[in-house]
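> predicted model and sequence below, questions to follow.
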Amino acid sequence: MKPRSWLREPLLHFLLIGLALFGVSALWRSRDSGSEKLIAVTSLEIEWLRRNWEARWQRPPTETELRGLVNDFVRQEVLYREAIAMGLDRDDQVVRNRMVQKLELLTDDLAAQAQPAEAELQTYMQENMERYMIPERRSFTHVYFNVDRRGESVIETAEEVLQRLRANPAAARRAAELGDRFMLAPDYAMQSLSEVARGFGQRFADALFAVEAGEWQGPIASGYGWHLVLVTDVTESQVPELAQVRNAVLRDYLTSLREQASEALYNSLLQNYEVEIDEAAISAQSLGGNQVNGSR
């Protein structure tokens, strides 16, 4: 996918504006309180508490319940402010991770509101077509030969059966009887490469999808032993219409959008900081470096 200049993208502007409004709202509340000791429970907080209650219980709270929610809110605010004043948030990786997660969730929520046009989805699908191709599928039957039972003669026996099947195509109806008992099915319909690989192993799947259809082939190996195979039907891989894979394309598009917007936002915020990294310490304490407790 071609890189975009995300600093000029409308979505990034939307994210920055949303975060700015979020910051201004927090600052306004702080100024409006007039004092760090004042906890103002405004109509906005009360509405937010009510909405959360309704979302959970599917009904509005009673006045008693709402007052209980307000009291809990005040309790949490008091304890939160005291914890911050005591510096309990510092050097706490759990708190640090939670704060980072909240900011990332905020950017995700803002990015999720950007719904792409059909043309954008079409372009994204074309640029990532390998994800959405409808894969080739094959129907096949096989004859199994057990290595433990037949030992060194397994290949020779399989080749002899192969010649019999090629000489008498009608024998294919009872072909499985010419081999050994197999724990799975003898016939498979419209299997993709990945589906065959899950059942028989990648080596067998690759070989099966390389042979010509309509004639017995083999022997080819699997994780079980050796097989003769007859590919009876093939459906070639196809380029899908957007409507066939729209849900998957939309999901991937929005995920990509969130990831790239988050990265662009981070890079723009990073410009506000000066970062110093002790490169010598990284070299000394990383695998292969001069570690403190390692060999020198």
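The structure has been received and is ready for your questions.
> ok, now how distant is the residue lying closest to residue 215 once chain neighbours are set aside from residue 269?
Nearest residue to residue 215, sequence neighbours excluded (Cβ to Cβ, 6 or more residues apart in numbering): residue 166, at 6.8 Å. C-beta coordinates here come from the backbone N, C-alpha and C atoms, glycine included. According to Cβ to Cβ, to the nearest Å, residue 166 stands 69 Å off from residue 269.
> quick one, which of these two is more surrounded?
Per other Cβ atoms under 10 Å, whichever of residue 166 and residue 269 has more neighbours is residue 166, with 15 against 12.
> so that one makes contact with residue 218?
No. Using Cβ atoms under 8 Å as the test, residue 166 is too far from residue 218 to be in contact (10.8 Å).
> pLDDT at residue 159, what is it?
What the model reports for residue 159 is a pLDDT of 95.
> just checking, what's the longest helix in the protein?
helix 242-270 (DSSP state H).
> that helix: which residues count as buried?
245-246, 249-250, 252-254, 257-258, 260-262, 264-265 (16 or more other Cβ atoms under 10 Å).
> walk me through the domains of this structure.
6-120+256-285, 135-235 (automatic domain parsing).
> for residue 235, give its distance to residue 197.
Residue 235 is 17 Å from residue 197, by Cβ to Cβ.
> looking at the two, which is more packed in?
Higher neighbour count among residue 235 and residue 197: residue 197, with 17 against 13, using other Cβ under 10 Å.
> state the distance from that one to residue 263.
From residue 197 to residue 263 the distance is 34 Å (Cβ to Cβ).
> can you give me the strands in this structure?
137-145, 187-192, 217-221, 226-235 (DSSP state E).
> who are the packing partners of the shortest one?
So that's strand 217-221. In terms of contacts (3 or more Cβ pairs under 8 Å, 6 or more residues apart in numbering; DSSP states H and E), strand 217-221 is packed against helix 154-167, helix 202-208, strand 226-235.
> what does the second one give?
Helices and strands touching strand 187-192, as assessed by 3+ Cβ pairs under 8 Å, 6+ apart, comprise strand 137-145, helix 193-200, strand 226-235.
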